[in-house]
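Asker: Need the 3D shape of this:
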Amino acid sequence: MNKVILIGRLTRDPELSTINSGVSVCRFSIAVDRPYTKDGERIADFINIVAWRSQADFVAKYFRKGSPCALTGSLQVRTYDAQDGTKRTASEVVADSIEFVPRSTATTESGEQQAAPKKVSDLTPIEDDDDDMPF
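Answerer: Numbers count the residues shown, from 1 in each chain. The predicted structure follows:
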């Protein structure tokens, strides 16, 4: 099985192009934080992504550098000959699905920006009043 699930931020604006047959292709990369730190610093992996057809058009239209996204796809590894004649290997994720991810701030009813909860204990519970339930 070849299945990749990633959540990260675009490291640059997506580059949309069209191949000879008229199919859209979009290339971009995302930074994905590792679940640990080194000397108190977050470590990120920078992963190349390629999207095709409607997914390519979607990314080019709605995402920019710094945009958070979630995607699923498959890992593709290919080899090619560089200009100097050496063999090179390139790894990239071919995206099947790309979605928006909320930013790390939330807007209150008064329009103020506040940091989103970082852990479950920071969440405010919803009052459970069975009388107001529509079912």
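Asker: Quick check: the most centrally placed residue in the chain vs residue 92, distance?
Answerer: In the chain, the C-alpha nearest the mean C-alpha coordinate belongs to residue 69, at 3.0 Å (Cα atoms, centre = their mean). The gap separating residue 69 from residue 92 is 15 Å, by Cβ to Cβ, to the nearest Å. Every residue, glycine included, has its C-beta placed from N, CA and C.
Asker: now swap in residue 81 and tell me
Answerer: In terms of Cβ to Cβ, residue 81 sits 18 Å off from residue 92.
Asker: These two: which is more packed in?
Answerer: residue 92 (17 against 9; other Cβ atoms under 10 Å).
Asker: In contact with that one, which residues?
Answerer: Residue 92 is in contact with 47, 48, 49, 50, 75, 76, counting by Cβ atoms under 8 Å, 6 or more residues apart in numbering.
Asker: that older thread, okay, the residue nearest to the centre of the chain: pLDDT?
Answerer: Looking at residue 69, its pLDDT is 97.
Asker: That one contacts residue 101, correct?
Answerer: Yes: with contact defined as Cβ atoms under 8 Å, residue 69 reaches residue 101; the gap is 5.8 Å.
Asker: Now the common contact residues for the two.
Answerer: In contact with both residue 69 and residue 101: residue 7, using Cβ under 8 Å, 6+ apart.
Asker: Spit out the contact partners of the nearest residue to residue 5 once chain neighbours are set aside.
Answerer: The shortest distance from residue 5 to any non-neighbouring residue, by Cβ to Cβ, 6 or more residues apart in numbering, is to residue 72 (5.2 Å). By Cβ under 8 Å, 6+ apart, the residues touching residue 72 are 3, 4, 5, 6, 95, 96, 97.
Asker: That'll do, ta.
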